[in-house]
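*Asks:* quick one, structure for this:
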Amino acid sequence: MIEQQIIVAGRPLCYRVNFNRRRKTRSLIRILPDGGVLVDVPLSTNLLQIQAWVAEQAEWLIRRRDEIEATAGFVRPLTYADGEAHLFLGEEYRLMTLTRPAARPQGIADQRLYIHSADRDPDSIKRRLWCWYRGQARALFRQRLVTLCDAVPWVDRVPELRLRKMRRRWGSCDARGLVTLNTHLVKAPLACIDYVILHELCHLRELNHSPRFYRLMDAVLPHWRGVRQRLDERADFISNE
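*Replies:* Numbers count the residues shown, from 1 in each chain. Below you'll find the model as predicted:
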């Protein structure tokens, strides 16, 4: 990892360069939880190319960093205390713990996320909240998978769906046609969920990331690059727990 810095309109922009042996062609630039910037590039990329690319993106990066700080702030450890903001389908809801389940149903209402818990122990609330997320993800992902299969001509049956909690991947598809989705994805906007599902459905035809695969993506979701960037930018917030 290499630390670099440039000055943009009198403001410093620090960025870290990671030469990733797993990347073949595509590079990624994203804002980190601490407000820094990560540039993830293939091993063959030289520093002059990286500096030029960051300079081109610098004004946008600083503007976007300011927007994140002004709205959601940067990622901080969750405490699971009442009033804390938690994400669901891209929106923030304030956590409210109900120690008496009869008080009201568990779930979303009035910009609040109500969770039943026998006590206010953070670990207990975290477990109950995650159970709620998993139940919502299972129902929603299945519904979107069924709907989106109708829009993909090479899919003749709805594939088997599995949920997993993952830190660095949103989904996968294996040679048997099993689609796995990250349970954290239920915190992302619906457009991002649909993008990931369509990405995996394209893998039913092309298991790699070849030009043919990206042509399939262009056909089923022409604006997928913008959606992917939106998801990548918020990855650390969505996967926070």
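
*Asks:* now the helices: where do they sit in the protein?
*Replies:* 47-71, 122-149, 190-203, 211-220, 224-233, 235-238 (DSSP state H).

*Asks:* starting at the chain centroid, how far to the second one?
*Replies:* Put simply, helix 122-149 sits 15 Å off its chain's centre (Cα atoms, centre = their mean, to the nearest Å).

*Asks:* now for it, which elements pack on it?
*Replies:* strand 85-88, strand 91-98, strand 112-116, strand 161-164, strand 179-182, helix 190-203 (3 or more Cβ pairs under 8 Å, 6 or more residues apart in numbering; DSSP states H and E). In this view, the C-beta of every residue, glycine as well, is placed from N, C-alpha and C.

*Asks:* make a markdown table from those and add mean pLDDT, distance to H209 and mean neighbour count to it.
*Replies:* What follows is the helices and strands packed on helix 122-149, written out as a markdown table (pLDDT from 0 to 100; distance: least, Cβ to Cβ, whole Å; neighbours: other Cβ atoms under 10 Å):
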| stretch | mean pLDDT | distance to H209 | mean neighbour count |
| --- | --- | --- | --- |
| strand 85-88 | 94 | 28 | 18 |
| strand 91-98 | 94 | 31 | 16 |
| strand 112-116 | 95 | 36 | 20 |
| strand 161-164 | 96 | 21 | 15 |
| strand 179-182 | 96 | 16 | 22 |
| helix 190-203 | 96 | 9 | 22 |
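
*Asks:* can you add distance to L148 and give those back as TSV?
*Replies:* Shown next, in TSV, are the helices and strands packed on helix 122-149 (distance: least, Cβ to Cβ, whole Å):
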stretch	distance to L148
strand 85-88	20
strand 91-98	22
strand 112-116	26
strand 161-164	12
strand 179-182	11
helix 190-203	5
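
*Asks:* Q4 is nearest to which of these?
*Replies:* With Cβ to Cβ, the closest approach to Q4 among the helices and strands packed on helix 122-149 belongs to helix 190-203: 29.4 Å.

*Asks:* tell me what angle that closest one forms with helix 224-233.
*Replies:* Put simply, helix 190-203 runs at 120 degrees to helix 224-233, going by axes from the mean of the first three to the mean of the last three Cα atoms, to 10 degrees.

*Asks:* what sits against L32?
*Replies:* R16, L38, D236 (Cβ atoms under 8 Å, 6 or more residues apart in numbering).

*Asks:* just the buried positions in stretch 96-105, please.
*Replies:* Residues M96, T97 are the ones in stretch 96-105 that count as buried (16 or more other Cβ atoms under 10 Å).
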